[in-house]
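Asks: Sequence and predicted structure, then a few things I'm wondering about:
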There are 2 protein chains.
Amino acid sequence: MSEPGGAWGTTGTAPYRPAGARGAGIDRPVLPPDLYRRRQEALRAAAAQEGLDAVLAVGRAFYERGAPVAFLCGHLAPAPTAASAPGYEGWGQSLLLVPCRGPVVLIADAARPETVVADQIELTAAHPAALAGWIRRLGLATGRIGVAGSDLWSWAAFRAASLAVPGAEWVPADPLVNRPRRLKEPEEQALLARAAEAADVGLAAALEVLRPGLSEQQLGAAGTAAALAAGADFVRYFRVHTGAWSLLSFRWPQATDRRVRAGEPVALDIIGARGGYQFDVLRTALVEPVPPELARLAAAAEDCLEAVLARCRPGVTVAELLAAASEAAARHGLGDALAPLLGHGIGLETVEEPLLLPGVDDRLEAGMVLCVEPALRVPGLGGYSIEEMIVVEEGGPRILTRTPRRPVIGATPS
Amino acid sequence: MSEPGGAWGTTGTAPYRPAGARGAGIDRPVLPPDLYRRRQEALRAAAAQEGLDAVLAVGRAFYERGAPVAFLCGHLAPAPTAASAPGYEGWGQSLLLVPCRGPVVLIADAARPETVVADQIELTAAHPAALAGWIRRLGLATGRIGVAGSDLWSWAAFRAASLAVPGAEWVPADPLVNRPRRLKEPEEQALLARAAEAADVGLAAALEVLRPGLSEQQLGAAGTAAALAAGADFVRYFRVHTGAWSLLSFRWPQATDRRVRAGEPVALDIIGARGGYQFDVLRTALVEPVPPELARLAAAAEDCLEAVLARCRPGVTVAELLAAASEAAARHGLGDALAPLLGHGIGLETVEEPLLLPGVDDRLEAGMVLCVEPALRVPGLGGYSIEEMIVVEEGGPRILTRTPRRPVIGATPS
């Protein structure tokens, strides 16, 4: 932990620009300022059409889920979320109030004003008081206020707002921000390609050192360091799952002291961000001598991936993508081995719309950026998955990921 | 991203125990199971005394804020928080329902049952439906339910619960869990000492490579890798702030391509966890030739730290600690340079009660574990802070951190 630079009276709202810090969107918004203004104007129009007087966008810390606020104004909350005390409720969070008429207001505990496109910036950790103040000042005290990020706004924050401005009506309005977030501008596609590069660098570093005897922790450390040195904003985690663990790709912690053994699968899953945009790439390395049934599992997983990628075009439904993966798995006699999650959108957050999951009624659109990750799991053998980051385009998917799909590692150091 | 192992039908609630993964609390709860049972019983008693019929504890992903649930049952949510779709609202979150009478129920999208102390575990991402089901099943549909983690429960989740069980009354009940969380059991103190060791290893690695010309990103990568290899569960970030940036210790991203220069301060702030318990340690290295005014700033910062540590005993108020730091800073003519945040509790989350901040009405108790981090900032010169992890004990603070307090680095490689 450390002290918010702008929060508690030291730098106020005055831009603070130490000399000599270049790159990584440090001295300007991540995207061209006009783009944020256009998004704000579009949001006002959409809100008015919904009969709303304003939209409150909610974001959490940059390493968690900051998208609603970052999408609209460029701000990524730099502080960690934290326990609160009276007057310090907003640590690690930010609020962007976008009234249909009037100034766009960012309320944040710490911010770099030169990276933010907003008319007013109030730097304070006392979010409920600040929000109530702006609601009154903007004539919204009896207004109808849509909330974008209803799954990010806390119940405590809602209660505080309800008490402070009891006449305001709060309405969930997530689609007003989540819908436009689905399609990535060319600038965002370029940033996501750069993010994917950082993931490739991290995976390459882990694959380079991978050999029997190395621990999961050592592999994760090597990959994380390489991605950070290559310019990742952060690596949220680099999951390393070996042997039987490769079946169970969600677990805590991300890596253990278990050591890689010959003939095993090693799942490597790197998640983080670069330039504010996220990466999420998974590979499964096989360590020689590769048992024939694992080699077949790997080939089947790549077939599933290719079957899905071949269908990734605008207009295709999530159900059609799931069916493509199922059919491919079934052709290999592995219909039961296919995991339900086929992928998800990615952008300012790791897991965005569309979710490629059973029961989700959605379809692809040009400009979406997806993580496609069919996974096959066979108890007693292991799991195998390949995850690609792609851009959905009319002519078929543009693949952002460069790491080889089916890495095989020698049993002894080369 | 990758697939929840237990979430969507593949492993169900059956314990899943791949062979050969040892250590890091992997095959058992982090703390002795009896301890969680005692906490659950104490919570039941406290809830009954408050006129509640049950308590709902809310936790988020292990790298965010999972404490209310982890404290009570050992579960750390392994999945990232994510966009939701109908039926998948609970990704990265977990709920522990503790009725005054009846079974303790964990609802999670993915869990390792063998690491959890609960009577029932329902693995599902459809949290609202699962919660409503258990509330009805346990006879709580018209009950009074306290919420521990009201700042973690989302407004969307509250709305869904209100719709599904309209007769239930929801009451904020954060202190029922946050109060006992303040005091760490001996086992937890030992885990926090081990966490501090990982931070020490990370800082040592960064300090070892630190020299003019190295980028902030390279330093962060070296420190992160060392902490991960030493067994950290994750390193949320390793902030590296050089030169003028050392003033502005909260910023995004955590490190840039800016290169260290001779004569500058380099703030190094490592935050993460090991064995489920968090570390947060900050050091400011000075690179030779050290300007005399920076050397004086460093000495003043250590005086502030020592003044606070000398007062860290049970019964002392937060205001008294802040006064001790202020007086020490003023003795150096740096009263205006002292940052408001003096420190915070640490445990299953990075920033816990007590918050050592102006206006906070609180006092120290034996068994608290704190991060103490007075910071001095002088525009045009830079910032200097030293952060120690300590245990509050009757005889004075026990310091967990081992890294030298005022590292000085040669201008050329040694």
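Replies: It's in. Computed from a prediction, not measured in an experiment: that's the story for all the values here.
Asks: how many other residues sit next to A:Gly359?
Replies: A:Gly359 is flanked by 13 other residues according to other Cβ atoms under 10 Å in any protein chain shown. C-beta coordinates here come from the backbone N, C-alpha and C atoms, glycine included.
Asks: how close does it get to chain B?
Replies: Relative to chain B, A:Gly359 is positioned 6 Å away (Cβ to the nearest Cβ, to the nearest Å).
Asks: burial measure for the residue nearest to A:Gly51 when sequence neighbours are not counted, as a count.
Replies: Leaving aside its chain neighbours, A:Gly51 sits nearest to A:Arg144 (6.4 Å; criterion: Cβ to Cβ, 6 or more residues apart in numbering or on different chains). Residues contacting A:Arg144 under the criterion other Cβ under 10 Å number 17.
Asks: ditto for A:Gln49
Replies: Neighbour tally, A:Gln49, other Cβ under 10 Å: 10.
Asks: now the one 3 residues further on
Replies: A count of nearby residues for A:Leu52, using other Cβ under 10 Å, gives 24.
Asks: Helix, strand, or coil at it?
Replies: coil (DSSP: H, G, I helix; E, B strand; the rest coil).
Asks: and if you look at the one 3 residues further on?
Replies: The three-state label given to A:Val55 by three-state DSSP is strand.
Asks: do A:Ala157 as well
Replies: Applying three-state DSSP: A:Ala157 is helix.
Asks: any low-confidence regions in the stretch 151-300 of chain A?
Replies: The stretch 151-300 of chain A contains residues with pLDDT under 70 at A:249.
Asks: Run through the strands of it in chain order.
Replies: Assigned by DSSP state E, counting those that start in this stretch, the strands in the stretch 151-300 of chain A fall at A:169-172, A:234-242, A:265-274, A:277-287.
Asks: now these in TSV, with distance to chain B and mean neighbour count?
Replies: Output for those, formatted as TSV (distance: least, Cβ to the nearest Cβ, whole Å; neighbours: other Cβ atoms under 10 Å in any protein chain shown):
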stretch	distance to chain B	mean neighbour count
strand A:169-172	7	16
strand A:234-242	5	28
strand A:265-274	5	27
strand A:277-287	5	26
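Asks: ok, now how distant is the residue nearest to A:Gly51 from chain B?
Replies: In terms of Cβ to the nearest Cβ, A:Arg144 sits 16 Å off from chain B.
Asks: likewise A:Ala118?
Replies: 16 Å.
Asks: Report how many residues lie close to that residue.
Replies: 24.
Asks: now A:Pro103
Replies: 13.
Asks: cool, and A:Asp119?
Replies: A:Asp119, neighbours per other Cβ under 10 Å, totals 12.
Asks: Which among the strands of the stretch 151-300 of chain A is found nearest to B:Ala301?
Replies: strand A:234-242 (26.9 Å; Cβ to Cβ).
Asks: Please tell me how far the closest one is from the chain's geometric centre.
Replies: Centre-to-centre, strand A:234-242 and its host chain are 14 Å apart (Cα atoms, centre = their mean, to the nearest Å).
Asks: Mind giving me the packing neighbours of that strand?
Replies: helix A:186-209, helix A:216-229, strand A:265-274, strand B:234-242 (3 or more Cβ pairs under 8 Å, 6 or more residues apart in numbering or on different chains; DSSP states H and E).
Asks: Just tell me which of those ends up closest to A:Glu373.
Replies: strand A:265-274 (9.0 Å).
Asks: Let me have the helices and strands packed on strand A:234-242 in JSON lines, extended by distance to A:Arg406.
Replies: As requested, these are exported to JSON lines (distance: least, Cβ to Cβ, whole Å):
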{"stretch": "helix A:186-209", "distance to A:Arg406": "11"}
{"stretch": "helix A:216-229", "distance to A:Arg406": "18"}
{"stretch": "strand A:265-274", "distance to A:Arg406": "11"}
{"stretch": "strand B:234-242", "distance to A:Arg406": "28"}
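Asks: Many thanks, I have nothing further to ask.
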